[in-house]
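1. sequence and computational prediction follow.
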Number of protein chains: 2
Amino acid sequence: MAMSTLKDVSERAGVTVTTVSRVLNNRGYISEKTRAKVYQSMKELNYQPNELARSLTKKHSNMIGVIVPTIQHPFFSQLTFYLEQYCFKKNFKILLCNSQAQVEKEKEYIDMLKSNQVAGIIIASRTPDVEQYVEQDMPIVMIERQSGGYGINICCDNELGGELATRHLIACGCKKLLHISGEFSKGLPGDKRAVAFERVCQEVGVPYQIFTTTEQEFYTRSYAEIIREVFAQMPDVDGIFASNDTMAAQILQYCYDHGIDVPGQLQVVGFDDVELCHLTTPQLTTIRQPIERMAEAAVNSILGRRGKKAVAMRTILPVELKMRGSTRLKSE
Amino acid sequence: MAMSTLKDVSERAGVTVTTVSRVLNNRGYISEKTRAKVYQSMKELNYQPNELARSLTKKHSNMIGVIVPTIQHPFFSQLTFYLEQYCFKKNFKILLCNSQAQVEKEKEYIDMLKSNQVAGIIIASRTPDVEQYVEQDMPIVMIERQSGGYGINICCDNELGGELATRHLIACGCKKLLHISGEFSKGLPGDKRAVAFERVCQEVGVPYQIFTTTEQEFYTRSYAEIIREVFAQMPDVDGIFASNDTMAAQILQYCYDHGIDVPGQLQVVGFDDVELCHLTTPQLTTIRQPIERMAEAAVNSILGRRGKKAVAMRTILPVELKMRGSTRLKSE
């Protein structure tokens, strides 16, 4: 069967080609009745709009590039799920890129996304400065990355998260606190978790220590070595704030293997609130990131920029403490 | 700066436009020296090939559509990670679709993928018969779905997996076995896990029971209710084979909450071998699916079909038992 054209659809629906095009592009006022008639005709003719050809005339496609370090990381798989859901609602699609935290690979991806004329790029990976590689006319959203450049920044309230986690451990009676942070060298927004931890410990006068981890540890999600080191250096720690849930889960694992009772002897708070928090023993107290709202804000920012609307350059979304079995309040 | 063209590149490199085009499309013999010269010129001119325009002339794009129920499920996030890696190597990209296990949504996605002229579609979701909605000239690969139709099937050796898990529980001294399967109504390859479980139990003469779960439970990954029911009906079970790792992790959770010692009183084997297996307490014995090899086979099948090569219509890849702390051999 020959492919049907816009003209076939317009003739069958008894409207002009312009009207059919408006329905397809969701542009201008179209009555519900006309819209239904056009859709019915498209269905009857099995009309398939050629998105590639449409993209060429629009100068950009209805795809949004998403760059994450790895979709295997539960934070990024959840984020990508919601990004895709919000794109789908707006009739956009996601081109997925796993940069594996390699700057060169990320640049290759950006080239690829540019040559596919994506409508915008959402970067949730952590390699520095790569956004300067993108021209100014390409909307670009950075999630939990360092600010700077012209990109739109979206992150959670990392400082509040660090404060909530630390005050909670103190309310649970912890006397010697430890924070295992991400790496500091990149100036990521997540660094504020450690800053808030330190500030609260100093205010309250609780002894504390901070250990940093590497990009490699973040990417492979293998924290066994740093956890061993931490317990060797600070065997009497009674409260740990871990900068992500996977790390916190591995601390629980270490405690189980070494007969350390959680929350009896040691209390643990994670960060992110991914599904894993429900599957550890005990379940994990954590700081919940508003992942769904971050995804929504990212998609809206790109479409807003494309639509020449004013878009907030910096959005900080609130976090909250989710208390589960890995901590216990003093009064209980 | 005006965009550079193929002609600019060819003039700078001192070759014909045809040669530049061959380099770009990786077609025909080109000496390494010429290739290097062309790439150097493209770099100097900041040449961006217009993938959209190239796709139009090729009649299909260099994108592959991937439909999963949800990227939040650890099996699918791992599978998608490897699919994207193999696509990247071949200069293809992934358009990601989360069907949320809804047939209508899946059909909408397929329409979208067709109108974007993808080179092929990889369906790892579980809604039935949707592949019949795709025309014969579109390469389509189904991962762990029912066979039938003209699609290419790739799955792991589910029967072997069921057999290995069951024989292992018996070797660990279990006397009363339970399998919690997926749903049976869709004729999925995973059903063979239960078939093998039943066969081995009957052969060896071990009492057993099989409980099935629903698509909804699979999609939401919430098995609390069925697990409660299972223990109410079979309180003296001493060996459980769960049809996925998330379910197995929730069984461990239930045991912890109810003072059931694992592996002392009850032994548990999962299926998939996702990252979670290392993060539960105790760590989870499971059947390892060859997820990376399944992804490689899927991408190669689509590219092979596009290249008019003979492609296996049905590929079954081997699985293996990964023993961890949730089981213990009798002799130990």
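-> Thanks, I have the structure now.

2. leaving out sequence neighbours, find the closest residue to A:Glu44.
-> A:Arg12 (6.7 Å; CB to CB, 6 or more residues apart in numbering or on different chains). In this view, the C-beta of every residue, glycine as well, is placed from N, C-alpha and C.

3. separation between that neighbour and A:Leu266?
-> Separation of A:Arg12 from A:Leu266 (CB to CB, to the nearest Å) stands at 71 Å.

4. got the phi/psi numbers for the residue in the stretch 1-150 of chain A positioned nearest to chain B?
-> Nearest residue of the stretch 1-150 of chain A to chain B: A:Ser77, at 3.9 Å (CB to the nearest CB). Here is the backbone geometry of A:Ser77 (degrees, to the nearest 10): phi -70, psi -40.

5. chain A: helices as residue ranges?
-> Secondary structure of chain A (DSSP state H): helices located at A:6-13, A:17-25, A:32-44, A:51-58, A:74-89, A:103-115, A:158-171, A:191-204, A:215-220, A:224-233, A:245-257, A:291-306.

6. mind telling me which of those helices the model trusts least?
-> When the helices of chain A are compared on mean pLDDT, helix A:51-58 scores lowest, with a mean of 60.

7. what separates A:Ser10 from A:Arg288, distance-wise?
-> Using CB to CB, we find A:Ser10 at a distance of 50 Å from A:Arg288.

8. over to A:Pro282?
-> 17 Å.

9. give the burial count for A:Cys255, as a bare number.
-> A count of nearby residues for A:Cys255, using other CB atoms under 10 Å in any protein chain shown, gives 24.

10. which residue sits closest to the residue of the stretch 201-332 of chain A found nearest chain B, ignoring its sequence neighbours?
-> Chain B sits closest to A:Thr281 of the stretch 201-332 of chain A, with a gap of 3.8 Å, by CB to the nearest CB. The shortest distance from A:Thr281 to any non-neighbouring residue, by CB to CB, 6+ apart, is to B:Thr281 (3.8 Å).

11. ditto for A:Gln209
-> In space, and not counting its chain neighbours, A:Gln209 is closest to A:Leu178: 5.3 Å by CB to CB, 6+ apart.

12. quick one: that neighbour and A:Tyr208 touch, right?
-> Yes. Here A:Leu178 reaches A:Tyr208: they are 6.8 Å apart, a contact under CB atoms under 8 Å.

13. which of those two has more residues huddled nearby?
-> A direct count of neighbours by other CB under 10 Å for A:Leu178 and A:Tyr208 places A:Leu178 higher, at 25 against 21.

14. ok, now which ones touch that one?
-> By CB atoms under 8 Å, 6 or more residues apart in numbering or on different chains, the residues touching A:Leu178 are A:208-211, A:230, A:234, A:237, A:239-241.

15. ok, those residues vs B:Gln85, which is closest?
-> A:Phe211 (31.4 Å; CB to CB).

16. residues near the closest one, how many?
-> 17.

17. partner residues bridging it?
-> A:Ile180 (DSSP bridges).

18. so what's it up against?
-> If you count contacts by CB under 8 Å, 6+ apart, then A:Phe211 has A:178-181, A:226, A:229-230 around it.

19. could you break chain A into its assigned domains?
-> Split into domains by automatic domain parsing, chain A comes to A:6-49, A:60-156+A:291-318, A:158-289.

20. could you find the closest non-adjacent residue to A:Thr213?
-> A:Ile226 (5.6 Å).

21. OK, contacts around the one you found?
-> Shown in contact with A:Ile226 (CB under 8 Å, 6+ apart): A:180, A:211, A:213, A:217.

22. okay, now A:Ile94: neighbour count?
-> Neighbours around A:Ile94, by other CB under 10 Å: 25.

23. surely it meets A:Tyr86?
-> No. Checked against CB under 8 Å, the pair A:Ile94 and A:Tyr86 is beyond contact range at 9.7 Å.

24. follow-up on the earlier one: next, find the distance separating the residue of the stretch 1-150 of chain A closest to chain B from B:Ile287.
-> 22 Å.

25. which of the two has more neighbours?
-> Using other CB under 10 Å, the more surrounded residue of A:Ser77 and B:Ile287 is B:Ile287, with 28 against 24.

26. chain A versus that one, what's the distance?
-> Distance of B:Ile287 to chain A, computed by CB to the nearest CB, to the nearest Å: 18 Å.

27. show me what that residue is bridged to.
-> Applying DSSP bridges, one finds that B:Ile287 bridges with B:Phe271, B:Leu321.

28. verify the contact between it and B:Ala248 for me.
-> No. Contact criterion CB under 8 Å: B:Ile287 and B:Ala248 do not qualify, at 10.3 Å.

29. what parts of the stretch 201-332 of chain A come near chain B?
-> Taking CB under 8 Å from any CB of the partner chain as the measure of proximity, the stretch 201-332 of chain A contacts chain B at A:221, A:246, A:249-250, A:252-253, A:256, A:275-276, A:278-283.

30. so which of the residues you listed comes closest to A:Glu44?
-> A:Glu275 (43.7 Å).

31. what's the local residue count around that closest one?
-> Neighbourhood size, A:Glu275 [other CB under 10 Å]: 17.

32. now do the contacts for it.
-> Going by CB under 8 Å, 6+ apart, the list of residues near A:Glu275 reads A:74, A:78, B:72, B:221, B:246.

33. give me the number of residues near the third one?
-> As a burial measure, B:Gln72 scores 21 neighbours (other CB under 10 Å).

34. do the same with the second one
-> The number of residues packed around A:Gln78, counting by other CB under 10 Å, is 22.

35. touching, it and A:Ile291? I think so.
-> Yes. At 5.1 Å, A:Gln78 counts as touching A:Ile291 under the criterion of CB under 8 Å.

36. out of A:Arg12 and A:Leu266, which sits in the more crowded spot?
-> Taking other CB under 10 Å, A:Arg12 and A:Leu266 do not tie; A:Leu266 has more neighbours (23 against 18).

37. ok, and the closest non-adjacent residue to the residue nearest the centre of chain A?
-> When CA atoms, centre = their mean is applied to chain A, the residue found nearest the centroid is A:Leu79 (4.2 Å). Take A:Leu79 and drop its neighbours on the chain: the residue closest to it by CB to CB, 6+ apart is A:Ile291, 5.4 Å away.

38. who are the contact partners of the one you found?
-> By CB under 8 Å, 6+ apart, A:Ile291 lies in contact with A:75, A:78-79, A:82, A:272.
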